[in-house]
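>>> I would like the atomic coordinates for the input below:
(2 chains)
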Number of protein chains: 2
Amino acid sequence: LLYFDQINAALITVYDQEHFQGRRCEFTACCQNIMEYGMETVRSLKVECGVWVGFEHSTFNGQQFILEKGDYPCWEAWSGSNAYRTERLMSFRPIYSAMHSDCRMTLFECENMTGRQWDVCNDYPSLQAMGWCSNEIGSIKVMSGAWVCYQYPGYRGYQYIMECDCHGGEYRHYREYGCHAQTPQIQSIRRIQH
Amino acid sequence: LLYFDQINAALITVYDQEHFQGRRCEFTACCQNIMEYGMETVRSLKVECGVWVGFEHSTFNGQQFILEKGDYPCWEAWSGSNAYRTERLMSFRPIYSAMHSDCRMTLFECENMTGRQWDVCNDYPSLQAMGWCSNEIGSIKVMSGAWVCYQYPGYRGYQYIMECDCHGGEYRHYREYGCHAQTPQIQSIRRIQH
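Next up is the predicted model:
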């Protein structure tokens, strides 16, 4: 029962104008296309409960944006990349695996879980500062919980949400990190927790 | 002697073109104006050792950018805000207080260390998720170490570097957070560590 209650503890309010103006919708579960609710796109939002991931395109495609509890008055509040600025947020869903009390994953130097490996269970704003030899991760196995991996140190650049509940937690090639991934470059990682 | 060695363990390489091209300079201590080294601005950089803070303007003014070990091939790799896109990085310095093994600070609801308070010694991607009632911090006292405070949840938006070594660790008003601070809005915080 507790688990069921936690699962349902997700609430997001989205607006079609910046600074919480314009048309407003509340969601407690995934939204695959905000246009179905009469909005052209989402321009501001408030996460009231739970942890969510937002997507640039409908049906959970394109750039990924971690959305934790708090106020996001404009696009720059959730985006991590301005090279490819689209200012769109068309779909979103709760991250249920963020409910796990522990987060564990294994990083691999090469694709298909090969090469040097490193088990992690903590946040690392710089993987290289902790001894990882490269600015790339070849593949990833998420054992438990949910993570955000970032292109650059200090939690900047493209975001990739990695979940133990998604395709068995296996990310065998950088193209599986997200459809916006253009390289295996990952330089910082952190756990997603409530 | 160990302390002395650690202090000197700071090395940054900066380039005046993106992707580590063009004129190149190495620094082991602060640089108050990159133009003194024949560069118009910094367009890419590598932090080889230590933790640094970069600034939009010369003499450590303007937007602040935390720079941890790793590769920063372009402006978007270190910037957290695109509302006010300047693509400039003119000065930088090592953060020596990031050497502290523990990080402690007190957050206050109101300015001048008044109102409700909260002692923190951990990373919080969402202060509101941890029970902080507002999207603002009125004032801050850093007891030890160095921190990055962010305007938005999930380590996004304007960055404010807070150090126990800077004016006694006291930030009594949001205008002391940094000269680019326009509001007391702070929604995520994390420690800076080697």
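
>>> what's the distance between residue A:124 and residue A:55?
Residue A:124 sits at a distance of 25 Å from residue A:55 (criterion: Cβ to Cβ, to the nearest Å). C-betas here are computed from N, CA, C, even on glycine.

>>> and the most centrally placed residue in chain A, what are its bridge partners?
Nearest residue to the geometric centre of chain A (Cα atoms, centre = their mean): residue A:161, 3.4 Å. Taking DSSP bridges as the rule, residue A:161 bridges to residue A:148.

>>> contacts only, for it.
By Cβ atoms under 8 Å, 6 or more residues apart in numbering or on different chains, residue A:161 lies in contact with A:53, A:64, A:66, A:95, A:146-148, A:178, A:192.

>>> quick one: those as a markdown table, columns for secondary structure, pLDDT and neighbour count too.
Converted to a markdown table, those look like this (DSSP: H, G, I helix; E, B strand; the rest coil; pLDDT from 0 to 100; neighbours: other Cβ atoms under 10 Å in any protein chain shown):
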| residue | secondary structure | pLDDT | neighbour count |
| --- | --- | --- | --- |
| A:53 | strand | 95 | 22 |
| A:64 | strand | 93 | 24 |
| A:66 | strand | 96 | 28 |
| A:95 | coil | 93 | 23 |
| A:146 | strand | 95 | 26 |
| A:147 | strand | 97 | 24 |
| A:148 | strand | 97 | 25 |
| A:178 | coil | 87 | 21 |
| A:192 | strand | 94 | 23 |
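
>>> which residue packs closest to residue A:92, ignoring adjacent ones?
residue A:54 (4.4 Å; Cβ to Cβ, 6 or more residues apart in numbering or on different chains).

>>> residues near the one you found, how many?
Residue A:54 has 29 neighbours, counted by other Cβ atoms under 10 Å in any protein chain shown.

>>> how about the residues of chain A by chain B?
Contact residues (Cβ under 8 Å from any Cβ of the partner chain) of chain A with chain B: A:47, A:66-72, A:74, A:76-83, A:85, A:123, A:125-129, A:135, A:148, A:151-157, A:187-188, A:190, A:192-194.

>>> chain A: strands as residue ranges?
Counting by DSSP state E, chain A has these strands, from start to end: A:11-17, A:21-27, A:44-49, A:52-57, A:61-67, A:70-72, A:91-94, A:104-110, A:114-120, A:139-144, A:146-152, A:156-163, A:170-171, A:188-192.
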